[in-house]
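quick one, fold the following:
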Amino acid sequence: MKQLAILGSTGSIGTQALDVVRSHPERFSAHILTAGSNAELLIAQAREFQPDTVVIADERKYEQVRDALADLPIKVYTGEEALCDVVAMPSVDMVLAAMVGFAGLRPTIAALEARKPIALANKETLVVAGEYIMQRVREQQVPLLPVDSEHSAILQCLVGDFGNSVEKILLTASGGPFRRKDAAELQHVTPADALHHPNWKMGAKITIDSATLMNKGFEMIEACHLFHLRPEQIEVVVHPESVVHSAVQFCDGAIKAQLGVPDMRLPIQYALSYPERLGLSGERLNLFALQKLTFEPVDMQKFPCLAYAYEAAHRGGNLPCTMNAANEVANLAFRQGKIPFTRIGEIIRATMDAVPFDNQVAPDVYFATDHEARTVAEQLIL
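Just a heads-up that it's a prediction; the model follows:
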């Protein structure tokens with residue numbers, strides 16, 4: 001029985017992780033559940049899964065959660081420090097880091113310092129602090145397993161080939177909802193348009209990132225850190241069917257790919273059970289039903305956020321942190337109707353140009369950069 005700390009249990013990844021726990025109650029238990037502000041769903045999850053501990057990050061919701069669970073022997077805490085404390089509990093066997101955004105960095109570092117195996121769904125952790133995180137992974141000798149479908153696919157392709165030289169990664173992207181729109185049309189798309197992803201059901205923030213292709217830029221940076229590759233070894237390929245989840249090309253030209261239906265439960269379960277594969281119910285890929293598989297290059301002029309991500313990956317230092325902070329601010333502003341879709345990339349570019357570059361690898365630098373970049377981006381929105 002593996003006792004899990006699920007950080008972000010009320011989000012898209014967290015709720016699907018609990019589906020995995022439901023399917024394999026003999027293998028996994030939801031030992032700790034945490035949420036940002038969705039108190040109602042956290043309460044419902046706690047009543048179903050009976051965890052040892054729950055944490056609601058929003059301190060205004062603490063009394064609501066505490067009172068709703070008062071009849072159960074469940075410990076209830078609140079605040080960011082509590083998130084960092086609970087991942088270090090001796091009873092935790094593995095941490096699923098599924099919080100959204102920069103907020104996931106500090107608890108992930110805490111889990112690393114406590115030498116807990118990590119299933120990483122919070123891509124911003126490696127985008128912002130990948131060099132530092134991977135350094136600590138090596139020093140602490142902590143397993144860090146990717147949950148993103150693309151990075152899970154890469155890992156699955158590398159199993160059995162870890163000693164062989166990789167020429168490049170083919171990182172697939174659906175292209176999002178605006179693949180067929182031209183630059184002029186993007187001036188007028190709405191948040192509702194952007195939130196209508198053609199293949200995946202995800203949270204609002206990551207769905208907008210998919211529409212701008214910033215999400216694919218994040219995944220490219222993640223892949224560099226996870227698999228020790230240079231940015232030029234990661235080729236983003238638009239694959240609208242989302243059947244090939246990614247592929248690895250080796251030094252002899254051979255390509256291994258992982259295929260499947262779009263179902264995040266598979267990479268979540270693979271990370272939690274690695275290296276073992278467990279049974280998973282649901283739709284199977286029917287090769288005979290496929291009409292075609294298409295692959296297209298990315299138009300980086302139409303989707304400049306991906307180009308900014310490559311620039312940030314090449315320069316390193318605190319530039320990816322600056323880019324991420326600006327994106328979080330601009331992404332939210334677009335969802336709130338404060339800026340048009342095309343303004344997201346403009347704000348990211350201006351913030352990357354404005355915040356001083358720092359090549360130090362240290363958490364303090366990341367936290368200071370994040371604060372400064374958010375301030376700059378917010379001023380650009382006003």
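
residues contacting the residue of the chain most remote from its centre?
The outermost residue of the chain relative to its centre, with distances by Cα atoms, centre = their mean, is Asp71 at 34.8 Å. With contact set as Cβ atoms under 8 Å, 6 or more residues apart in numbering, Asp71 has no partners. Heads up, the C-betas are built off the backbone N, CA and C, glycines and all.

quick check, pLDDT for it.
Note for Asp71: predicted pLDDT of 97.

which stretches of the stretch 201-350 of the chain form strands?
Secondary structure of the stretch 201-350 of the chain (DSSP state E, counting those that start in this stretch): strands at 234-238, 244-250, 255-259.

where does the prediction get shaky in the stretch 51-200 of the chain?
Applying pLDDT under 70 to the stretch 51-200 of the chain picks out residues 200.

which residues in it form helices?
62-68, 80-86, 105-113, 123-140, 149-158, 183-186, 191-194 (DSSP state H, counting those that start in this stretch).

tell me which strands and helices the second one is in contact with?
Think helix 80-86. strand 28-35, strand 53-56, helix 105-113 (3 or more Cβ pairs under 8 Å, 6 or more residues apart in numbering; DSSP states H and E).

what's the span of stretch 43-59, first residue to last?
15 Å (Cα to Cα, to the nearest Å).

swap in stretch 45-57?
Span of stretch 45-57 from end to end, Cα to Cα: 16 Å.

again, but for stretch 156-164
Using Cα to Cα, the two ends of stretch 156-164 sit 14 Å apart.

report the buried residues of that stretch.
Buried residues in stretch 156-164, counted by 16 or more other Cβ atoms under 10 Å: 156-158.

could you redo those as CSV and give each row distance to Met134?
As requested, the buried residues of stretch 156-164 are exported to CSV (distance: Cβ to Cβ, whole Å):
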residue, distance to Met134
Gln156, 20
Cys157, 20
Leu158, 16
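
which of those residues sits closest to Lys181?
Nearest to Lys181 among the buried residues of stretch 156-164: Cys157, at 32.0 Å, using Cβ to Cβ.

show me what contacts that closest one?
Cys157 neighbours (Cβ under 8 Å, 6+ apart): 246-248, 256-258.

and if we set it to 7 Å?
Contact analysis of Cys157 by Cβ atoms under 7 Å, 6 or more residues apart in numbering lists 247-248, 256-258.

ok, it to Asn286 distance?
Between Cys157 and Asn286 the computed distance is 22 Å (Cβ to Cβ, to the nearest Å).

what is the neighbour count of Gln336?
For Gln336, the count of nearby residues is 10 (other Cβ atoms under 10 Å).

what's the distance between it and Ile208?
11 Å.

now do Asp93
34 Å.

who has more neighbours out of these two?
Taking neighbours as other Cβ under 10 Å, Asp93 and Ile208 compare with Ile208 leading, 25 against 15.

the more buried one reaches Ala192, doesn't it?
No. Between Ile208 and Ala192 there is no contact under Cβ atoms under 7 Å: 11.2 Å.

can you tell which of the helices of the stretch 51-200 of the chain is closest to Val329?
Of the helices of the stretch 51-200 of the chain, nearest to Val329 by Cβ to Cβ is helix 123-140, at 13.1 Å.
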